[in-house]
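> Attaching a predicted model along with its sequence, questions to come.
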Amino acid sequence: MKKLVALLSAVAVVGVTYNSIAQDMTPEEQAAAAVDQRKSLFKTIRYNLGPIVGMAQGAPFDAKGRRAQRKTYSCYGDHDSRDASGRH
């Protein structure tokens, strides 16, 4: 009996969770999600271009720090997306 109650409870929880996840977003929620995505994109761009822009404006450049970051980012360029024919 306890197993049956536990199973029915689990099914009820999954059903309620699935129902709440499956609902479409309202236009306001879609707009808020789009704004958050754009903000995140611009933060990423600012983070990556910040040292370059500062260098162009005459700010001191930390070459040692950028070298350390380069090691972190080296794995991003390792993937070869070409197919067997050599085309992208």
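Perfect, I can see it now.
> drop to CA atoms for contacts and neighbour counts, all remaining ones
Fine.
> Next secondary structure after the host helix or strand of V11?
According to DSSP states H and E, V11 maps onto helix 2-22. Sequence-wise, the next helix or strand downstream of helix 2-22 (DSSP H and E) is helix 27-56.
> what's the following helix or strand after that next one?
helix 63-73.
> tell me the angle that following helix makes with helix 27-56.
For helix 63-73 against helix 27-56, the angle between stretch directions is 140 degrees (axes from the mean of the first three to the mean of the last three CA atoms, to 10 degrees).
> what's the spacing between K64 and V53?
17 Å (CA to CA, to the nearest Å).
> ok, those two, which is more surrounded?
V53 (12 against 9; other CA atoms under 10 Å).
> Next one: that one from A34, what distance?
For V53 relative to A34 (CA to CA), the value is 27 Å.
> Equivalent analysis for L41, please.
Where A34 is concerned, L41 sits at a distance of 11 Å (CA to CA).
> And K2, by the same measure?
46 Å.
> Neighbour count for those two, which is higher?
Higher neighbour count among K2 and A34: A34, with 12 against 7, using other CA under 10 Å.
> Would you mind measuring from the more buried one to F42?
12 Å.
> same check, this time on Q30
On the measure of CA to CA, Q30 and F42 end up 18 Å apart.
> what do you get for P60?
23 Å.
> ditto for G58
In terms of CA to CA, G58 sits 23 Å off from F42.
> Can you pick out the residue with more neighbours from these two?
It is F42, of G58 and F42, that has more neighbours when counted by other CA under 10 Å, with 12 against 9.
> And the pLDDT at the more buried one?
For F42, the pLDDT comes out at 93.
> What of G54?
84.
> Contacts only, for it.
60-61 (CA atoms under 8 Å, 6 or more residues apart in numbering).
> Against Y47, how distant is it?
11 Å.
> what's the answer for T72, then?
14 Å.
> same deal with K64?
17 Å.
> same deal with E28?
29 Å.
> And for A59?
Taken as CA to CA, the span from A59 to Y47 is 16 Å.
> Likewise for R67?
On the measure of CA to CA, R67 and Y47 end up 15 Å apart.
> what does L41 give?
10 Å.
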